[in-house]
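# Take this sequence and fold it.
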Amino acid sequence: MNTYIDIILRSISVYFFMIIALRIFGKKELSQLNTADVILILLISNSVQNAMVGKDTSLLGGLSAATVLFFINFVLKKLMYKYKGFSDFMQEKPEILIHDGNLDFKSLSKLNITADELKEAMREHGVENYKDVKLAMLEIDGNISIISGDKNLKQTHYKRKIRRKKIIV
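From the prediction side, this is the model:
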């Protein structure tokens, strides 16, 4: 098989593997990168690099793999824009955390959002009490947006911090 066709097929396979892995493990985990996340990304990129280019470590081989990745990403973005069903399949949905002052404990539990994280987001948005929240959403990019009934509050931005549990080996 032609070396560059092999690189193209390998790159496509790795790209779709990464999409599936992110879908399973959740994009929300990447909403705010900490040191461990950056190290993970670097190690993943290093580990899949050989899977994409195989024995060809030439400049042209690397550029071929990168070109394929950019092209696939471009095509997927166009398909997601054009077809809502495909977009729904590829992206997480926003989740309601608080509606009219009532916490959705099922969503909070499923998303592993603690009361402290939610209170922090509320404070970032200038809201003190749950009952003052008209709507709180965990957006598809991992941010928590808060809408209150107070018209005097200015818009703020809260980026959810992911807290990892320590694993003792």
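# care to break this structure down by domain?
Each domain of the chain is listed here as a residue range: 3-90, 95-148, per automatic domain parsing.
# Adding mean neighbour count and mean pLDDT, write those domains out as JSON lines.
Every C-beta, even on glycine, is put in place using the N, C-alpha and C of the backbone. What follows is the domains of the chain, written out as JSON lines (neighbours: other CB atoms under 10 Å; pLDDT from 0 to 100):
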{"stretch": "domain 3-90", "mean neighbour count": "14", "mean pLDDT": "79"}
{"stretch": "domain 95-148", "mean neighbour count": "16", "mean pLDDT": "86"}
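# ok but residue 97 is inside a helix, no?
No - checked against DSSP: H, G, I helix; E, B strand; the rest coil, residue 97 lies outside a helix; its state is strand.
# got the contact list for it?
For residue 97, the contact set (CB atoms under 8 Å, 6 or more residues apart in numbering) comprises 103, 104, 107, 108, 111, 113, 118, 136, 137, 138, 144.
# switch to 7 Å and redo it
Residues in contact with residue 97 (CB atoms under 7 Å, 6 or more residues apart in numbering) are 104, 107, 108, 113, 118, 136, 137, 138, 144.
# Excluding sequence neighbours, find me the nearest residue to it.
Of all residues not flanking residue 97 in the chain, residue 136 sits nearest, at 4.3 Å (CB to CB, 6 or more residues apart in numbering).
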